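**Student:** I need the structure of the sequence given here:
(2 chains)
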2 protein chains.
Amino acid sequence: MTETLVIGDYSDTDKAVLSETFAPLFIASPRTLGTLDKGTRAAVTVVALKGHAPFGADEMDLLPALRLVANYGVGYDAIDIAAADAHGVKVTNTPDVLNDDVADIAVGMLLCQSREMMQASTWARTGEWAAKGEYPLNRKVSGRTAGILGLGRIGREIANRLASFKMDIHYFARSEKDTPGWTYHTDPVSLAHTVDFLVVALVGGKDTENFVSAQVIEALGSRGVLINISRGTTVDEAALLDALEAGRIAGAGLDVFLNEPNIDPRFYDLNNVVIQPHQGSGTVETRAAMGQIQRDNMGAFHRGKQLLTPVN
Amino acid sequence: MTETLVIGDYSDTDKAVLSETFAPLFIASPRTLGTLDKGTRAAVTVVALKGHAPFGADEMDLLPALRLVANYGVGYDAIDIAAADAHGVKVTNTPDVLNDDVADIAVGMLLCQSREMMQASTWARTGEWAAKGEYPLNRKVSGRTAGILGLGRIGREIANRLASFKMDIHYFARSEKDTPGWTYHTDPVSLAHTVDFLVVALVGGKDTENFVSAQVIEALGSRGVLINISRGTTVDEAALLDALEAGRIAGAGLDVFLNEPNIDPRFYDLNNVVIQPHQGSGTVETRAAMGQIQRDNMGAFHRGKQLLTPVN
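**Tutor:** The predicted model follows:
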């Protein structure tokens, strides 16, 4: 009877290494946990979790011997940490190794949105360039003002990159940070009101739900662009769609949405939005590093060693 | 009889200001100069030039009183400077104001190419994300090695931005420059061999024609990406197309081409190329600044003052 249950959609490489090291049982989603027989569930001490489906008290009740959930990803908002504490379950994540990739996608979306690079590409590729002349002018990126909502490790990577574009950096965080002259705001509305680009780099979860409220979006204004690489939940998506459709903000670059991958089809009609399929950390190199950290935590647990990256 | 001839495709704003200030004659291209009558041509002392059509001895012969060509753009490779010297014609350009925008497009193309942002956007927008799951993994950008071919003012802006992505910066230039620890190469093949991303920021013109030769492209190799924001002429485009089609280099991000806007249709079939319609400096803010410098040079000429940005 295996002690290890691997949940989610893994690459063939990850699957092979997991199989070899832990001889686990694989299932696609926590939602199908209940279909496993009681004896199988009772043997599970470690879950390797990937994906954004909820993993809470109900799932833990189905796995009475569970002691570790090793999450693949830095954000563990899908895992109920209070329930884990109550069940004596430790949770680990994969911090830091994905910061660069996520920051890169944030900057890429910002450039694409302002410089209309996807529309300009279509203009060139469909022959409109030859038929109609120059692509219409768009908006300068360098030298503008950027606001980072949540100056954690990823937020700081984004700010460092945007500073090289000669942007004036402003940020909101729970407390003022040690920065190279960036401007601290205690209120997200004040931040949104000040900046041209508002980049959301908050953690997910209940505490930040709809943190980018209708009021924040209004404060960003008709020249402002919202970039979100955090979680769909951090933004009031209905208010965002209304503002985008009405032109009350200039545009958005979004790697995360509510109900991924079945995102609101209203997004499809918006040319002022750069859409990415939650691929912030989606490089071969980074996903390999994330899988390694997940497995290292599982290995540490099995050998009775200290977990590398515990979150509770 | 007007002294000022405005050549090229200008924005309505630029046209209005030019009209008000200089009461000029407008024509679309130097190619139609010969259709103007001799008296009109004989009165012209100043040409405001925009576009990439050649302006050389033949054109200058048609304008015997010409004393100034005020070029709209930093690159003046379409103007024969030796012929201008021989005809007693001064040439001005619009340096510096466009450096940021061009560097921004270079970085945007690099991010789009490596992170496959355009394909990933299509994946999300056409519902493949919902139907087939995650977009395939792509390649990490941050922390790689970048080579700048031509460390002039634009090349330096690109290098500064890429350094914020924790890239190791290498460069080729005619002489070693004062840099923050970047590595100088005396040979473009050595540079291409060393780097993951080769960014072409050379000046255009005869001296740099096919500077990115078949040999340089081969040295870049099957994991390498070529970015060009300079001129189509700086790259051996036939060799580039061959290498891209055969996968002998990983991909390219190109804002400039031979025979713009009628670019080689072989580019349209290449998914590993990010194509932009020569929009490097194409922002409202920068184009306004370029128009202003062009007009300031023309004004200085008319008032007998020193030209602001002479190139000969």
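**Student:** quick one: contacts for residue A:248?
**Tutor:** Residues near residue A:248 by C-beta atoms under 8 Å, 6 or more residues apart in numbering or on different chains: A:217-218, A:221-222, A:242. Bear in mind the C-beta positions are built from the backbone N, C-alpha and C, glycine included.
**Student:** recalculate using a threshold of 10 Å.
**Tutor:** A:214, A:217-218, A:220-222, A:224, A:239, A:242 (C-beta atoms under 10 Å, 6 or more residues apart in numbering or on different chains).
**Student:** dump those to JSON lines, plus distance to residue A:187, secondary structure and pLDDT.
**Tutor:** Putting the contacts of residue A:248 into JSON lines (distance: C-beta to C-beta, whole Å; DSSP: H, G, I helix; E, B strand; the rest coil; pLDDT from 0 to 100) gives the following:
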{"residue": "A:214", "distance to residue A:187": "15", "secondary structure": "helix", "pLDDT": "98"}
{"residue": "A:217", "distance to residue A:187": "14", "secondary structure": "helix", "pLDDT": "98"}
{"residue": "A:218", "distance to residue A:187": "14", "secondary structure": "helix", "pLDDT": "98"}
{"residue": "A:220", "distance to residue A:187": "13", "secondary structure": "helix", "pLDDT": "98"}
{"residue": "A:221", "distance to residue A:187": "16", "secondary structure": "coil", "pLDDT": "97"}
{"residue": "A:222", "distance to residue A:187": "21", "secondary structure": "coil", "pLDDT": "97"}
{"residue": "A:224", "distance to residue A:187": "16", "secondary structure": "coil", "pLDDT": "98"}
{"residue": "A:239", "distance to residue A:187": "18", "secondary structure": "helix", "pLDDT": "98"}
{"residue": "A:242", "distance to residue A:187": "22", "secondary structure": "helix", "pLDDT": "98"}
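**Student:** give me the residue at the spatial middle of chain A.
**Tutor:** residue A:230 (3.7 Å; C-alpha atoms, centre = their mean).
**Student:** if we can go back for a sec, dump the contacts of residue A:248 into TSV; add neighbour count as well.
**Tutor:** Listed next are the contacts of residue A:248 as TSV, based on neighbours: other C-beta atoms under 10 Å in any protein chain shown:
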residue	neighbour count
A:214	15
A:217	24
A:218	17
A:220	28
A:221	15
A:222	11
A:224	24
A:239	18
A:242	15
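**Student:** near chain B, which residues of the stretch 151-300 of chain A? Just list them.
**Tutor:** For the stretch 151-300 of chain A, the residues in contact with chain B (C-beta under 10 Å from any C-beta of the partner chain) are A:157, A:159-166, A:253-255, A:257, A:259-263, A:265, A:267-270, A:273-289.
**Student:** next, the residue lying farthest from the centre of chain A: phi, psi?
**Tutor:** Relative to the centre of chain A, the most outlying C-alpha is that of residue A:131, 40.5 Å out, by C-alpha atoms, centre = their mean. When read as degrees, to the nearest 10, the backbone of residue A:131 gives phi -80, psi -40.
**Student:** isn't it right next to residue B:261, touching?
**Tutor:** Yes. Applying C-beta atoms under 10 Å, one finds residue A:131 in contact with residue B:261, separated by 8.5 Å.
**Student:** what do the two both touch?
**Tutor:** Common neighbours of residue A:131 and residue B:261 (criterion: C-beta under 10 Å, 6+ apart): residue A:123.
**Student:** isn't residue A:50 right up against residue A:8?
**Tutor:** Yes. Using C-beta under 10 Å, residue A:50 is in contact with residue A:8, at 3.0 Å.
**Student:** where are the low-confidence patches of the stretch 1-150 of chain A?
**Tutor:** Residues of the stretch 1-150 of chain A meeting the criterion pLDDT under 70: A:1.
**Student:** residue A:105 belongs to a helix, doesn't it?
**Tutor:** Yes. Assessed with DSSP: H, G, I helix; E, B strand; the rest coil, residue A:105 lies in a helix.
**Student:** count the residues that sit near it.
**Tutor:** Applying other C-beta atoms under 10 Å in any protein chain shown, we find 28 residues neighbouring residue A:105.
**Student:** flag every buried residue along stretch A:290-299.
**Tutor:** For stretch A:290-299, burial by neighbour count (16 or more other C-beta atoms under 10 Å in any protein chain shown) applies to A:290-291, A:293-298.
**Student:** how close does the residue nearest to the centre of chain A sit to chain B?
**Tutor:** Noted for residue A:230: a distance of 17 Å to chain B, by C-beta to the nearest C-beta, to the nearest Å.
**Student:** also residue A:47?
**Tutor:** For residue A:47, the distance to chain B (C-beta to the nearest C-beta) stands at 20 Å.
**Student:** surely that residue meets residue A:29?
**Tutor:** No. Counting by C-beta under 10 Å, residue A:47 stays clear of residue A:29, with 12.0 Å between them.
**Student:** sorry, back to before: for ChimeraX, write the selection for the buried entries among the residues of the stretch 151-300 of chain A next to chain B.
**Tutor:** To isolate the buried members of these in ChimeraX, using 16+ other C-beta under 10 Å:
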select /A:157,159,161,162,163,164,165,253,254,255,257,260,261,263,267,270,273,274,275,276,277,278,279,280,281,282,283,285,286,287,289
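**Student:** out of everything not next to it in sequence, what's closest to residue A:176?
**Tutor:** residue A:184 (4.4 Å; C-beta to C-beta, 6 or more residues apart in numbering or on different chains).
**Student:** helix/strand/coil for the one you found?
**Tutor:** Going by three-state DSSP: residue A:184 is strand.
**Student:** strands of the stretch 101-250 of chain A, residue ranges please.
**Tutor:** Secondary structure of the stretch 101-250 of chain A by DSSP state E, counting those that start in this stretch: the strands cover A:145-149, A:168-172, A:183-185, A:197-200, A:225-228.
**Student:** picking up where we left off before, to what extent is the residue nearest to residue A:176 buried, counted in neighbours?
**Tutor:** 14.
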